[in-house]
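Novice: Model the structure of this input:
(2 chains, ligands or ions: 3)
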Amino acid sequence: MAEVPKKLTIPAEEYICSGHLACQGCGAALAMRYALKALGPNTVYTVPACCWSVIDGPFPYTTLGVPLFHIAFEAAAASACGLSAGLEMVGKKGVNVVAWAGDGGTADIGIQALSGAAERNDNILYICYDNEAYMNTGVQRSSSTPWGAWTTTTPARHFKKRPKKNLVDIMVAHQIPYVATAAMAFPEDLIRKVSKAKDIEGTKYIQIFASCPPGWRMAPEYAVKAVRLAVNTRIWPQLEVEHGVYTINRKPRKYTPVAEYLKLQGRFAHLTEEQIEQMQEMVEREWDRLLFLEKSTHEMAGLPLAGEKAAASKEGGAGAAAGQG
Amino acid sequence: MREVVTGNHTVSHAARVARAQVVSAYPITPQTQVVEKISEFVADGIMDAKFIKVESEHSAMVACIGASAAGARAFTATSAQGLALMHEVLHWAANARLPVVLANINRAMGPPWTIWTDQIDSLSQRDTGWMQFYADSNQDIFDSILISFKVAEQVLLPAMVVLEAFFLSHTAEPVDFPEQEEADRFLPPRVATHTVDPEHPAAFGGLTGPDHYYELKYMEHNAMLEAEGVIKRAAREYGDITGRYYKMADPYACEDADTVLVVSGGIASTAKDAVDEARAAGKKLGSLKIWAFRPFPREAVRELLAGKKRVAVVDRNISFGQEGIFCTEVKASLYGRDGAPPVLGFIAGLGGRDVKVRDLLAIAEAAEKADCPEFNWYGAKP
Ligand SMILES: Cc1ncc(C[n+]2csc(CCOP(=O)(O)OP(=O)(O)O)c2C)c(N)n1
Ligand code: SF4
Ligand SMILES: [Mg+2]
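Specialist: Residues are numbered from 1 along each chain as shown, chains lettered A, B, ... in the order given. Ligands and ions are numbered 1, 2, ... in the order given. You can find the predicted model right below:
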């Protein structure tokens, strides 16, 4: 019998079974697995049109061990608000009501409902798994597609020339209690954030960076590596914004150049050296802005800024073990 | 020029050849290739157009409405959930009398999620004031889009060309594309009046009381009636150029038929095979394809069906609690007319269930039985 470690960094319970329909190396499938470990069985999901409406399986199957309510593409947040209110009125209190949507269902067609829910501060947890395009319909651009990327509606010769929509700042502007980013390659951080969010009253928003090998034109074995690189290059900063106070959860001591991240993925293959340099500059500008926000919002709230060392050592596990390159 | 293309790419080519100036669309299975191809055409300068990659179908339709109000030729394509999300502004386009053209890929409505074909998405838009044409081949898709623009810009009503998910959208067939000059002759640049233009300040669509609203509806209705003549003229002109003459109600071996299958969309081409097979077996079967659903070809339906022993309407749609929608339309056209045949309704093929030649033959056979109910769910498993 295998020896059970005294203290696992990730809960052992599984609320998702094998046999789902995700592609090999699907980041969204892993993100779901980790999120459910944090949420536990007293949870319901509402899922708009996205890859996850297929991944869960065709009738009469389902992959999740908790209810999954399918809803129209534009409607994730509003359906969560309805479920949350309805469950409370029928006497089922304390259920985690989770809207689980892709970046298209969040940043594009679903932003109106999300903004409405957040402004009312309805008691829902909204999780966006961000794979930076409409994968379910075959890789079309979303407003979350980054500058420089190929998609079928931003062909390589005319790649996307506008930056990724900054949903984090948009959600922060709604003055909700909790906004965070996570990455499916850093499960401890992801689970900690989802666990924290579930105990907060009001609207919580978490955006999880999740790779999509076919959509990123990348081999499935890079699914985790690419997302680690996204964090270590600072393309995908791991953040928490609590009542408007920004905290950067991970500040790699040595930053990996963005080129390392880009070269794994065919969707960036057309970029010239100058364009990659341009991207490097964009990333640095954004990082400086975040450092400034972190410092200034902490100062305004009269909170001490945790030293880099402390922040890094809290990570532990796979997160801290993640390579610097 | 003849090319082998899918139904979806046929739609993209039609938008290009029609010289649509503003395209705004949002991806949805099974329509995505339409958008992808148009986005390539525009990016590569093959199409001199602006492509607005909006964040929802509601915005896609509204962007077309805006472009059309400015005087441009506007086009979009969608399907099912997307068309349903446009519903409010489909009314807006029609009531504002803007000649937007839309290709809808028929797909059944969720829940449960489905991507396969049926007609309820487009037929649910029946009363929005849009013309509707149901194509039965990729050639038909192309031709219908060109004809739609011409008619829409003349009668000032928007038009929808409808094709079936996968059976047409993803099936490659040879399509004859007219030379661009020929197409331009048939469809010259839009001459728009009453546009949003700083040289002619005016308000569009402001609050209107009962004194005027009622007459606006009367005019809109008349425009739809007038469209019938305009469609016939445009179809004739188009036929003179291409040799392909479209009829709003298109009969196949109807003249001496005892039983006529009334069909639409891809089932109409399957029905021709069914008719051939029945005829070979000595049975007097005919079929009638409804190409134009709005305006509905009432006169033609009356003439072509008068005196038949029976009519079986095959509906890939259902108005719950009533019957198939084409069936209701056919009955309404025939009601109280001399020689009106009995009309039997058959629901078939919902959610993409295949309707084969043998199914249509079975429907014809069932209709011929003396005790055939007026309304039938063909092949429903109990
Ligand atoms: C109203 C409506 N429009 C379009 C669609 C088609 N559609 C389904 S999923 C999807 C893209 C989803 O993208 P995203 O939210 O990023 O999730 P992903 O597929 O990447 O997981 C689209 C366009 C739909 N189902 N409903
Ligand atoms: S297409 Fe991408 S997001 Fe969708 S299941 Fe496959 S890997 Fe996951
Ligand atoms: Mg996505």
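Novice: how many neighbours does B:Val4 have?
Specialist: A count of nearby residues for B:Val4, using other CB atoms under 10 Å in any protein chain shown, gives 10. Bear in mind the C-beta positions are built from the backbone N, C-alpha and C, glycine included.
Novice: Quickly find the element holding it.
Specialist: For B:Val4, the host element (DSSP states H and E) is strand B:2-6.
Novice: same deal with A:Gly202?
Specialist: Per DSSP H and E: nothing holds A:Gly202, as it lies in no helix or strand.
Novice: Check which element follows the helix or strand encompassing B:Ala300 along the chain.
Specialist: Assessed by DSSP H and E, B:Ala300 sits inside helix B:298-305. On the C-terminal side of helix B:298-305, the nearest following helix or strand under DSSP H and E is strand B:310-315.
Novice: what's the angle from that following strand to helix B:298-305?
Specialist: 130 degrees (axes from the mean of the first three to the mean of the last three CA atoms, to 10 degrees).
Novice: what does strand B:310-315 rub up against?
Specialist: Strand B:310-315 is contacted by residues B:119, B:258-263, B:267, B:271, B:305, B:323-327, B:330, B:341-349, B:355, B:360, B:363-364, B:366-368, B:378 when judged by CB atoms under 8 Å, 6 or more residues apart in numbering or on different chains.
Novice: could you redo the last one with a cut-off of 7 Å?
Specialist: B:259-263, B:267, B:305, B:324-327, B:330, B:341-348, B:360, B:363-364, B:367-368 (CB atoms under 7 Å, 6 or more residues apart in numbering or on different chains).
Novice: which residues does the residue of the stretch 101-250 of chain A found nearest ligand 3 bridge with?
Specialist: Closest to ligand 3 within the stretch 101-250 of chain A is A:Gly102: 3.7 Å, counting by CB to the ion. Beta-bridge pairing for A:Gly102 (DSSP bridges): A:Tyr129.
Novice: about what we covered before: how far out from the middle of the chain is the strand holding B:Val4?
Specialist: With CA atoms, centre = their mean, to the nearest Å as the basis, strand B:2-6 stands 21 Å off its chain's centre.
Novice: my guess is A:Leu167 meets A:Ala107, correct?
Specialist: Yes. With contact defined as CB atoms under 7 Å, A:Leu167 reaches A:Ala107; the gap is 5.5 Å.
Novice: what does chain B put close to ligand 1?
Specialist: B:26-28, B:57, B:81-82, B:85 (CB under 6 Å from any ligand atom).
Novice: Could you check which of A:Leu167 and A:Ala107 is surrounded by more residues?
Specialist: A:Ala107 (25 against 21).
Novice: thinking again about what came up before, give the buried residues for the helix holding B:Ala300.
Specialist: B:298, B:300-302, B:304-305 (16 or more other CB atoms under 10 Å in any protein chain shown).
Novice: Pick out the residue in the stretch 101-250 of chain A sitting closest to ligand 2.
Specialist: Closest to ligand 2 within the stretch 101-250 of chain A is A:Cys212: 3.1 Å, counting by CB to the nearest ligand atom.
Novice: So that residue lies in a helix, does it not?
Specialist: No. A:Cys212 is assigned coil when assessed by DSSP: H, G, I helix; E, B strand; the rest coil, not a helix.
Novice: Many thanks, have a good one.
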